[in-house]
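J.: generate a structure from the sequence data that follows.
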Amino acid sequence: MSVETVKEVVMAYLQNDLGVSGPIGMHLRLIDDLELDSLDMVDLIMRLEQKFQLPDNALEQLDNAETVGEVIGLIEKVAL
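T.: Model prediction:
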């Protein structure tokens, strides 16, 4: 799986499943800018875990991610 594929999957999930509208930049904060709540964050982490088969230690790091770019960067680091 390529870096672009990771980005496309994360962006599509944010827009299609979590209802984020408008352009999504790598610098946008998940909670403050995209207005994700705690349930959205849990859903995001669970779906990304399943899609990319992430190890347990990555889940805690994902939970602490603040921006879209941090989420994508972490997945790239552990899944590619």
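J.: now do the longest helix along the chain: which elements does it pack against?
T.: Of all segments of type helix in the chain, defined using DSSP state H, the longest is helix 38-52. With contacts taken as 3 or more Cβ pairs under 8 Å, 6 or more residues apart in numbering; DSSP states H and E, helix 38-52 sits against helix 3-12, helix 56-64, helix 68-79. To be clear about C-beta, it is placed using only N, CA and C from the backbone, and glycine gets the same treatment.
J.: redo the ones you listed as a markdown table? Include distance to Gln50, mean pLDDT and mean neighbour count.
T.: Formatted as a markdown table, the helices and strands packed on helix 38-52 follow (distance: least, Cβ to Cβ, whole Å; pLDDT from 0 to 100; neighbours: other Cβ atoms under 10 Å):
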| stretch | distance to Gln50 | mean pLDDT | mean neighbour count |
| --- | --- | --- | --- |
| helix 3-12 | 11 | 88 | 15 |
| helix 56-64 | 11 | 84 | 13 |
| helix 68-79 | 12 | 91 | 18 |
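J.: in TSV: the ones you listed, plus distance to Met41.
T.: Listed next are the helices and strands packed on helix 38-52 as TSV, based on distance: least, Cβ to Cβ, whole Å:
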stretch	distance to Met41
helix 3-12	13
helix 56-64	7
helix 68-79	10
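J.: let's see the pLDDT reported for Gly22.
T.: In this model, Gly22 is scored at 88, pLDDT.
J.: hang on, it in a helix?
T.: No: counting by DSSP: H, G, I helix; E, B strand; the rest coil, Gly22 falls outside a helix, being coil.
J.: coming back round to it: name the residues of the longest helix of the chain that are buried.
T.: By neighbour count with 16 or more other Cβ atoms under 10 Å, helix 38-52 contains the buried residues 40-41, 44-45, 48-49, 52.
J.: the inter-axis angle of that helix versus helix 56-64?
T.: Here helix 38-52 runs at an angle of 140 degrees relative to helix 56-64 (axes from the mean of the first three to the mean of the last three Cα atoms, to 10 degrees).
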